[in-house]
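Participant: Test case, fold it:
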Amino acid sequence: MNLSKWLLKVFGWKVEITTPDYPKCLICVAPHTSNWDFILCELAYLSVGRRAGFLMKEQWFKWPLGYFFRAIGGIAVPRKRGSALTESIVEKFNASQRMAIAITPEGTRKGTAKWRKGFLYIAHDAKVPLLLGAIDYKLKKIEITTEFTPTGNVDNDMKAIKKFYSKFHAKYPEKFITADEDD
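Facilitator: Sure, this is the predicted structure:
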């Protein structure tokens, strides 16, 4: 048993990852209301022998943590809009033989109904599978069992994805909003 699997087991977490180990994929992860989400998901993916990079706000990439986060696959997300991050990640996918990246569509640990849509564009434009990863604190379970195929209609796709995630329980439920922005 590897260390990641052992740690999760000791703390009572179950992991169910049934999607194929694609050479390239994007993993949408929600709910995201705590820093523990990152740690638990990293451990879960490692527990099945897989590695994934991740997006994280650039403030975390200052010394000394920046070296660590880059070493384990972190990609800094600039705070300013218009940074061409989506296009940059599509290019990275196109240039790579093997690449998995985890993205939290909420883009923050604070409660927001306005989820970021860039991950849908990335999966669609890079033509990579979009896997839906979920953390359920009530059941103490982390799963990646569902694959979503973006249609190109970002608003409809987002509604479907939010509906999928609405059944999961966040560490801080009041911060997890799956209702549409208009509701």
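Participant: need the contact list for G74.
Facilitator: Contact analysis of G74 by Cβ atoms under 8 Å, 6 or more residues apart in numbering lists G53, F54, L55, M56, W60, F61. Where C-beta positions appear, they are placed from N, C-alpha and C, glycine not excepted.
Participant: With I17 instead?
Facilitator: A44, Y45, V48, R50, E143, I144, T145.
Participant: Swap in 6 Å and give it another go.
Facilitator: V48, I144 (Cβ atoms under 6 Å, 6 or more residues apart in numbering).
Participant: buried set for stretch 137-153?
Facilitator: Buried positions in stretch 137-153, judged by neighbour count with 16 or more other Cβ atoms under 10 Å: Y137, K141, I142, E143, I144, F148, P150.
Participant: do you know how far P173 is from I75?
Facilitator: 29 Å (Cβ to Cβ, to the nearest Å).
Participant: and what of T18?
Facilitator: Distance from T18 to I75, by Cβ to Cβ: 26 Å.
Participant: Neighbouring strands - and their directions - for the worst-scoring helix or strand of the chain on mean pLDDT?
Facilitator: None of the helices or strands of the chain scores lower by mean pLDDT, DSSP states H and E than strand 74-77, at a mean of 77. Using DSSP bridges, the strands paired with strand 74-77 are strand 53-57 (parallel).
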